[in-house]
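**Student:** Predicted model and sequence below, questions to follow.
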Amino acid sequence: MLAEIITIGDEILIGQIVDTNSAWMAKQFNLNGIKVKQITSVSDDADHIIEALDAARKHAKVVLLTGGLGPTKDDITKNTLARYFNMSMRRDEETLKHVEAIFSRTSRPMLEINRKQADVPVGCTVIQNKNGTAPCMWFEDKGTVFVSLPGVPFEMMYLIEDEILPRLKKLFKLPFIYHKSILTANIGESYLAQELEEIEDLLPSHIKLAYLPNLGLVRLRLSSSGENELLLKTEVDSYAMKLMEKVRQFVVIDEDIPIEKALLNLMKAKKLTLSTAESCTGGYIAHLITQHSGSSKVFDGGAVTYSYGLKEAVLGVKPETLEKYGAVSEETVKEMAIGAIRNFKTDVAVAVSGIAGPDGGTPEKPVGTVWIAVATKNQVTAKVFIFGNKRTQNIIRSAAAGFNMILNQVRLMEAKQ
């Protein structure tokens, strides 16, 4: 079962907004046995939309459109669909009552332009949008289902989960799709592929291995689909175990979660607390941690100590250490981590100090030089990394490396118990 997603709106093509809808929709459909063949973004132009619809129906049984359903003149999706399916327009009374009820509750005046939200092509099935005024429209034409959804994310999400997926499951016999993810660190994509080549060559044709690289991390994903859920899971998990055994020293976790979430889960289970002492990352590590619900069970807080003065005042770094070795050094980053343990009273602390760039480097310490230390109440370890000359990438790489060092330290603590 193949699907295509078509997002409509000039605001996406000019970069004014980021298309998060497609990523969310693709994930939901994949989990339910529908493979998204293609994602297309088109402008607010009727001919462009029609070209996209013609192209999509050649390979997809389900075509999903988002956007262009508002009340203003630049919202042309409904009229374009009526033209495409050679349908006239009608005013849907149920939708009109729904729109009137919304305006009545908010005590806002209702204009004719708002009433036009209830106008739909004659031959479509109207699906009420409980969270907004723009209705969802369902068309079936020559064996292909076309669904037009509002572009507002929370409206679209509700409609997909509560209306569209249940209807598609009734209409089509959908296969079971299974993904198994393995997160790795400290190994590049090409080296990883080389290590796993022998196992990859043995994979049956219905199991695919994908390499999903990110800065400092590579996620492996085994995917397969079929009718027998139990057999499929057993087979894929078996190959996942072989992959992990081959590159055990680089495996972070065999779940489809970010590295910081894996760390939080592990530390929460061990009832350990964490603090941060950041310089070049500017609080990015703390940001990644606190975006996850329940992070307060592990993360007590931290400090962004950019200057020498704050490194001394907040973390207790010795002035002579900074004067002799500089901020970007093993000695300084270790004192930062020890200071975080001492002052923030956590079980584990991570400290980062480096030259993010694009300037500030020296022959001895080029741009991209980053020292990271992880301290516990009994010891502190530090490691130097030489990244590139791109500031944002260096910050992201530093965070990934720091999380991996903390994970390794926590696992060592666990092994010693």
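**Tutor:** Right, received. Where do you want to start? Residues are numbered from 1 along each chain as shown.
**Student:** for the stretch 101-250 of the chain, which spans come out with low pLDDT?
**Tutor:** Low-confidence segments of the stretch 101-250 of the chain, defined by pLDDT under 70, are absent.
**Student:** now the strands for it?
**Tutor:** Along the stretch 101-250 of the chain, counting by DSSP state E, counting those that start in this stretch, strands occupy 119-121, 125-127, 136-141, 144-149, 176-185, 207-214, 217-226.
**Student:** between the ones you listed, which gets nearest to I406?
**Tutor:** Nearest of the strands of the stretch 101-250 of the chain to I406, taken as Cβ to Cβ: strand 176-185 at 11.5 Å. Every residue, glycine included, has its C-beta placed from N, CA and C.
**Student:** if we can go back for a sec, ok, which of the strands of the stretch 101-250 of the chain comes nearest K345?
**Tutor:** Nearest of the strands of the stretch 101-250 of the chain to K345, taken as Cβ to Cβ: strand 176-185 at 28.5 Å.
**Student:** one step back: tell me which of the strands of the stretch 101-250 of the chain sits most buried.
**Tutor:** Of these, the one with the most neighbours on average (mean count of other Cβ atoms under 10 Å) is strand 144-149, at a mean of 23.
**Student:** and that strand, what does it pack onto?
**Tutor:** Using 3 or more Cβ pairs under 8 Å, 6 or more residues apart in numbering; DSSP states H and E, the elements in contact with strand 144-149 are strand 62-66, helix 77-84, strand 136-141, helix 153-159.
**Student:** before we move on, the earlier item: which one of the strands of the stretch 101-250 of the chain lies closest to V348?
**Tutor:** With Cβ to Cβ, the closest approach to V348 among the strands of the stretch 101-250 of the chain belongs to strand 176-185: 17.5 Å.
**Student:** I would like the residues contacting the host helix or strand of E320, please.
**Tutor:** Taking DSSP states H and E as the criterion, E320 maps to helix 319-325. For helix 319-325, the external contacting residues (Cβ atoms under 8 Å, 6 or more residues apart in numbering) are 308, 311-312, 329, 331-332, 335.
**Student:** Looking at these, which is nearest G402?
**Tutor:** Closest to G402 out of those is T332 (15.4 Å), distances taken as Cβ to Cβ.
**Student:** ok now whatever helix or strand the closest one lives in, how far from the chain's centre?
**Tutor:** Secondary structure assigned from DSSP H and E places T332 in helix 330-344. Distance of helix 330-344 from its chain centroid, counting by Cα atoms, centre = their mean, to the nearest Å, is 32 Å.
**Student:** and the helix or strand following it, which strands flank it?
**Tutor:** Later in the chain than helix 330-344, the nearest helix or strand by DSSP H and E is strand 348-354. Counting by DSSP bridges, the strands paired with strand 348-354 are strand 274-278 (parallel), strand 369-376 (antiparallel).
**Student:** What's the first helix or strand after the first one?
**Tutor:** Later in the chain than strand 274-278, the nearest helix or strand by DSSP H and E is helix 284-290.
**Student:** do the last one as well
**Tutor:** Counting by DSSP H and E, the element after strand 369-376 in chain order, helix or strand, is strand 380-386.
**Student:** quick check: mean pLDDT across that following strand?
**Tutor:** The pLDDT scores in strand 380-386 average 97.
**Student:** Point out the other helices and strands that the following helix or strand past that strand packs with.
**Tutor:** Next helix or strand after strand 380-386 toward the C-terminus (DSSP H and E): helix 391-416. Applying 3+ Cβ pairs under 8 Å, 6+ apart, one finds that helix 391-416 makes contact with strand 176-185, helix 259-269, helix 284-290, strand 348-354, strand 369-376, strand 380-386.
**Student:** And the helix or strand following the third one, what does it pack against?
**Tutor:** As assigned by DSSP H and E, the chain's next helix or strand after helix 284-290 is strand 299-304. Contacts of strand 299-304 with other secondary structure elements, assessed using 3+ Cβ pairs under 8 Å, 6+ apart, are made with strand 274-278, helix 284-290, helix 308-315, helix 330-344.
**Student:** Please work out which of those is packed deepest.
**Tutor:** A comparison of the helices and strands packed on strand 299-304 by mean neighbour count, using mean count of other Cβ under 10 Å, puts strand 274-278 on top with a mean of 27.
**Student:** between that strand and helix 308-315, how big is the angle?
**Tutor:** For strand 274-278 against helix 308-315, the angle by axes from the mean of the first three to the mean of the last three Cα atoms, to 10 degrees is 170 degrees.
**Student:** Distance check, V63 against S148.
**Tutor:** Applying Cβ to Cβ, to the nearest Å, the value for V63 to S148 is 9 Å.
**Student:** any common contacting residues for the two?
**Tutor:** Taking Cβ under 8 Å, 6+ apart as the criterion, V63 and S148 do not both touch any residue.
**Student:** Endpoint to endpoint, stretch 74-93 covers what distance?
**Tutor:** Terminal residues of stretch 74-93 lie 24 Å apart, using Cα to Cα, to the nearest Å.
**Student:** okay, now the domains of this structure?
**Tutor:** Annotated domains of the chain cover 2-171, 176-253, 259-416 [automatic domain parsing].
**Student:** Of the ones you listed, flag the one that's most buried.
**Tutor:** Most buried of the domains of the chain, by mean neighbour count (mean count of other Cβ under 10 Å): domain 259-416, with a mean of 19.
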